[in-house]
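Asker: coords below, sequence missing:
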């Protein structure tokens, strides 16, 4: 593989090193919101001492299973470091920010570990997790851009720490994430590769690191179907694919244009996933471990539009604020400054039916008069990245209000990513709009998969059929076929037809639907209503039970929802249950 003779400072556009360009951002209309947000944060943070990462905080995860206490301080320190770095660039005359930046960099270099406690096994000092890799990327890039302000001694410290904590361990070990096909591959390999390009001279050592990084990126890309869907959820597209883009851009510069990962098969489809994943404004398809509301990285979006002209440029109002990322990642923040193109005009998500056949997703957006409606459903299988047992799940929305809801990501804590994963309501089929057959829920496993049977897209109707019998470990279940019929009319209607075929009559079939936390009431026999929607069912066939439930969401807050259970009165061996959700 051909690598060029470029040094770290040439990896980025030349204006990044021009202090005049940065100082001009403070006055440029296109950057005003970002400048104002950064300045406000800096003024707030400079008055407060940096919190300390104590041994007690480090041990909390092992002792209690809670991640949030240590991680809150860990990420806040990086937020301070980033903020003072940007203030040093745009306000070089304010010496207090330069000193604060030096202090924060010194503190990060002195941390016991750059890894999160949840990612360290057996206190292994050679561990490289997402955040150790990201920290090496951040520090090495800051050294390239802000070396003069940091000073020679601190630049040497950065180089020593990045080499000792990340680059040398990487050369001496192999890591599980080098051959995985999800976000860890792109974030870890991309960050290690970026740090190496910024710090190492051209030669065999750098080439060896980059060869492995590029190979890992191919594993990352292998995890996506040809339709470009990120099965982990939109924010993991933003995260994993984002770091793929950051690395690919640096490598393109480093190799003098000879190594262009954007030409790899499937990258263009991945670049277009963002415009398929949104339902209305900032509301996103929240399948898997995805938070239901997301902002966009305009800098990344603009860069991808320049790479692939059919990538939609999002509306500027969807821009992620400076403080949006609670993990305070340096790489995307820098590129919000340097990739933002104020000549591009953003637009709203267009009305469209998106059928993503390989991943078995459908997303439909349309408007009638001034109201905007959206529907999404998924098939797939139950061994997907960040898997939830959710084959056959759906979302239905009006003007951003979820009437049929997907809970999205739960609180990450001990057990969430191990054998206890499906004890959490967000991940269990119990937290999804799926039937319960003979008291048995859908279960995990790659063999628990849907078979797509019907796709019909018309101007006024979308029909989507899935055979889901294989997703249930129910003895004697011959078939369970779910059909979605989405009527795109002035007051849209979603019909769900669930057809069951068993070897003998089941003891129980219960249809379950996860609803938004609205005031749902039994209006008349066979009709349940909330403001804006009616749910219709056959009262001679089904008996309703409504309950208000809650779960701990990704931010660690109680979030309520309504659970509707429609119990079959006299389930038969073969039958069909029909439920309609109608906007009113």
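Answerer: Arrived safely. It should be emphasised that the depicted structure is a prediction, and the values quoted were computed from it without experimental measurement.
Asker: need the three-state assignment for residue 565.
Answerer: Each residue gets one of three states, and residue 565 gets strand by DSSP: H, G, I helix; E, B strand; the rest coil.
Asker: how about residue 12, phi and psi?
Answerer: Main-chain dihedrals, residue 12, degrees, to the nearest 10: phi -110, psi 160.
Asker: tell me the pLDDT of it.
Answerer: Confidence at residue 12, expressed as pLDDT, is 96.
Asker: so which residues of the stretch 101-250 of the chain form helices?
Answerer: Assignment of helices within the stretch 101-250 of the chain using DSSP state H, counting those that start in this stretch yields the ranges 130-150, 152-162, 168-172, 183-199, 204-222, 234-236, 242-254.
Asker: going by neighbour count, list what's buried in the first one.
Answerer: The neighbour-count check on helix 130-150 (16 or more other CB atoms under 10 Å) flags 130-147, 149-150 as buried. In short, each C-beta sits where N, CA and C put it, glycine included.
Asker: quick one: low-confidence ranges for the chain?
Answerer: Regions of the chain meeting the criterion pLDDT under 70 cover residues 1-9.
Asker: repeat that for 90
Answerer: Low-confidence regions of the chain, defined by pLDDT under 90, span residues 1-10, 121-125.
Asker: find the centremost residue of it, please.
Answerer: Most central residue of the chain, judged by C-alpha distance to the mean C-alpha position with CA atoms, centre = their mean, is residue 235 at 1.7 Å.
Asker: right, and it touches residue 291 too?
Answerer: Yes: applying CB atoms under 8 Å, one finds residue 235 in contact with residue 291, separated by 6.1 Å.
Asker: contacting residues around the residue nearest to the centre of the chain?
Answerer: The neighbours of residue 235, taking CB atoms under 8 Å, 6 or more residues apart in numbering as the test, are 290-291, 294.
Asker: any idea how far it is from residue 335?
Answerer: Computed as CB to CB, to the nearest Å, the residue 235 to residue 335 distance reads 16 Å.
Asker: go on, residue 129?
Answerer: 22 Å.
Asker: what's the end-to-end length of stretch 512-529?
Answerer: The straight-line separation of the ends of stretch 512-529 (CA to CA, to the nearest Å) is 16 Å.
Asker: report the buried residues of it.
Answerer: Within stretch 512-529, the residues scored as buried using 16+ other CB under 10 Å are 512-516, 518, 520, 527-529.
Asker: what of stretch 369-384?
Answerer: 372-382, 384.
Asker: for those, which one is nearest residue 437?
Answerer: When the buried residues of stretch 369-384 are compared for distance to residue 437 (CB to CB), residue 382 wins out at 15.4 Å.
Asker: what sits against the closest one?
Answerer: Residues in contact with residue 382 (CB under 8 Å, 6+ apart) are 388-391, 442-446, 448-449, 471.
Asker: let's see 7 Å
Answerer: With contacts taken as CB atoms under 7 Å, 6 or more residues apart in numbering, residue 382 has the following neighbours: 389, 391, 442-445, 448, 471.
Asker: ditto for residue 91
Answerer: Listed by CB under 7 Å, 6+ apart, the contact set of residue 91 reads residue 97.
Asker: again, 8 Å this time
Answerer: Residues touching residue 91, when contacts are defined by CB under 8 Å, 6+ apart, comprise 23, 26, 39, 97.
Asker: ok, residue 489 next?
Answerer: For residue 489, counting by CB under 8 Å, 6+ apart, the contacting residues are 368, 460.
Asker: repeat that with 10 Å
Answerer: Applying CB atoms under 10 Å, 6 or more residues apart in numbering to residue 489 gives the contacts 366, 368, 373, 460-461, 582-583.
Asker: most neighbours, which of those residues?
Answerer: For these, the largest number of neighbours (other CB atoms under 10 Å) sits with residue 373, at 23 neighbours.
Asker: quick check, that one in a strand?
Answerer: Yes: when three-state DSSP is applied, residue 373 is found to be in a strand.
Asker: wait, what's in contact with it?
Answerer: The contact partners of residue 373, taken as CB under 10 Å, 6+ apart, are 279-280, 351, 364-367, 396-399, 486, 488-489, 491-492, 494, 583.
Asker: what does residue 142 give?
Answerer: Shown in contact with residue 142 (CB under 10 Å, 6+ apart): 81-82, 85, 88, 101, 105, 149-150, 154-155, 158, 198, 330, 334.
Asker: same question for residue 141.
Answerer: Neighbour list for residue 141: 8, 11-12, 16, 85, 191, 194-195, 197-199, 246, 250, 330-331, 334 [criterion: CB under 10 Å, 6+ apart].
Asker: hmm, back to that, okay, the helices of the stretch 101-250 of the chain, which one's buried deepest?
Answerer: Greatest average neighbour count among these goes to helix 183-199 (a mean of 28), per mean count of other CB atoms under 10 Å.
Asker: of the contacts of residue 91, closest to residue 345?
Answerer: Sorting these by distance to residue 345 puts residue 26 at the head of the list, at 23.7 Å, by CB to CB.
Asker: wait, doesn't the closest one sit right on residue 39?
Answerer: Yes: in terms of CB atoms under 10 Å, residue 26 counts as a neighbour of residue 39; the distance is 8.2 Å.
Asker: what about the helices in the stretch 351-500 of the chain?
Answerer: For the stretch 351-500 of the chain, helices defined by DSSP H, counting those that start in this stretch do not occur.
Asker: and the strands in it?
Answerer: Ranges of strands in the stretch 351-500 of the chain, per DSSP state E, counting those that start in this stretch, are 352-356, 361-368, 371-378, 381-382, 394-398, 401-404, 436-437, 445-449, 451-457, 461-467, 477-487, 493-502.
Asker: mind putting those into TSV with distance to residue 63?
Answerer: What follows is those, written out as TSV (distance: least, CB to CB, whole Å):
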stretch	distance to residue 63
strand 352-356	43
strand 361-368	40
strand 371-378	38
strand 381-382	32
strand 394-398	38
strand 401-404	37
strand 436-437	37
strand 445-449	33
strand 451-457	46
strand 461-467	44
strand 477-487	44
strand 493-502	46
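Asker: domain-wise, how is the protein divided?
Answerer: Here the chain is described, according to automatic domain parsing, as comprising the domains 8-338, 352-583.
Asker: nearest to residue 346, out of these?
Answerer: domain 8-338 (4.4 Å).
Asker: centre of the chain to that closest one, how far?
Answerer: Offset of domain 8-338 from its chain centre (CA atoms, centre = their mean, to the nearest Å): 14 Å.
Asker: sorry, back to before: for the contacts of residue 91, pick the one with the most neighbours.
Answerer: Once you tally neighbours by other CB under 10 Å, residue 97 ends up highest among these, having 24 neighbours.
Asker: what helix or strand does that residue sit in?
Answerer: Here residue 97 sits within helix 95-109, counting by DSSP states H and E.
Asker: next, the angle helix 130-150 makes with that helix.
Answerer: 140 degrees (axes from the mean of the first three to the mean of the last three CA atoms, to 10 degrees).
Asker: quick thing: my sequence starts at 112, can you match it?
Answerer: That works, and once the first residue is 112, the last one we named lands at helix 206-220.
Asker: for helix 206-220, buried residues please.
Answerer: 208-209, 211-213, 215-216, 218-220.
Asker: could I get those in TSV, plus columns for distance to residue 590?
Answerer: Formatted as TSV, the entries for the buried residues of helix 206-220 read as follows, by distance: CB to CB, whole Å:
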residue	distance to residue 590
208	66
209	68
211	65
212	63
213	67
215	60
216	61
218	61
219	57
220	61
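Asker: between those residues, which is nearest residue 334?
Answerer: When the buried residues of helix 206-220 are ranked by distance to residue 334 (CB to CB), residue 219 comes first, at 31.0 Å.
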